[in-house]
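S.K.: My questions concern the predicted model and sequence given below.
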Amino acid sequence: QVQLVESGGGLVQAGGSLRLSCAASGSIFSINDMAWYRQAPGKTRELVAYITNGGSAVYAESVKGRFTISRDNAKNTVWLQMNSLKPEDTAVYYCHADRILVAGPRYFDDYWGQGTQVTVSS
């Protein structure tokens, strides 16, 4: 059984920082692209940042220069460092993996974590 477990969310004042973590568990051989999405109340889920297995990263315009995505393939973990947070960053943040290769071998596509709440007060 494969799981993506997020942690690190919480309440922070505007201008503050948070670091989200997402750890994949299971008999995992490799994970392709990993990403962070977010969904604010009443809005559709949007891509925040993604990172390839090789470490190349892409960011949404709204977070460029403030957020940094990183990963450790040996630990099957991805992080999102969020600095200079704004009230409009308030959302549930979801970890996503586009393909997880596990023992078998078999793979799981389009895998999501359960989400972690980030609230930024003004």
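M.R.: Perfect, thanks for sending it. Numbering: from 1, shown residues only.
S.K.: Need the single longest strand in the chain, by residues.
M.R.: strand 91-102 (DSSP state E).
S.K.: Now do the buried residues in that strand.
M.R.: Ala91, Val92, Tyr93, Tyr94, Cys95, His96, Ala97, Asp98, Ile100, Val102 (16 or more other C-beta atoms under 10 Å). For glycine as for every other residue, the C-beta is placed from the backbone atoms N, C-alpha and C.
S.K.: tell me the phi and psi of the residue nearest in space to the middle of the chain?
M.R.: Closest residue to the average C-alpha location of the chain: Trp36 at 3.0 Å, with C-alpha atoms, centre = their mean. The phi and psi torsions at Trp36 (degrees, to the nearest 10) take the values phi -120, psi 130.
S.K.: Surely it and Val92 touch.
M.R.: No: look at Trp36 against Val92 with C-beta atoms under 8 Å: they stay out of range, at 11.0 Å.
S.K.: in this structure, which spans are strands?
M.R.: Going by DSSP E, the chain shows strands at 3-7, 10-13, 18-25, 28-31, 34-39, 46-51, 57-59, 67-72, 77-82, 91-102, 106-112, 116-121.
S.K.: Kindly reformat the ones you listed as a markdown table containing mean pLDDT.
M.R.: As requested, the strands of the chain are arranged in a markdown table below (pLDDT from 0 to 100):
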| stretch | mean pLDDT |
| --- | --- |
| strand 3-7 | 95 |
| strand 10-13 | 98 |
| strand 18-25 | 97 |
| strand 28-31 | 94 |
| strand 34-39 | 98 |
| strand 46-51 | 98 |
| strand 57-59 | 98 |
| strand 67-72 | 98 |
| strand 77-82 | 98 |
| strand 91-102 | 96 |
| strand 106-112 | 93 |
| strand 116-121 | 98 |
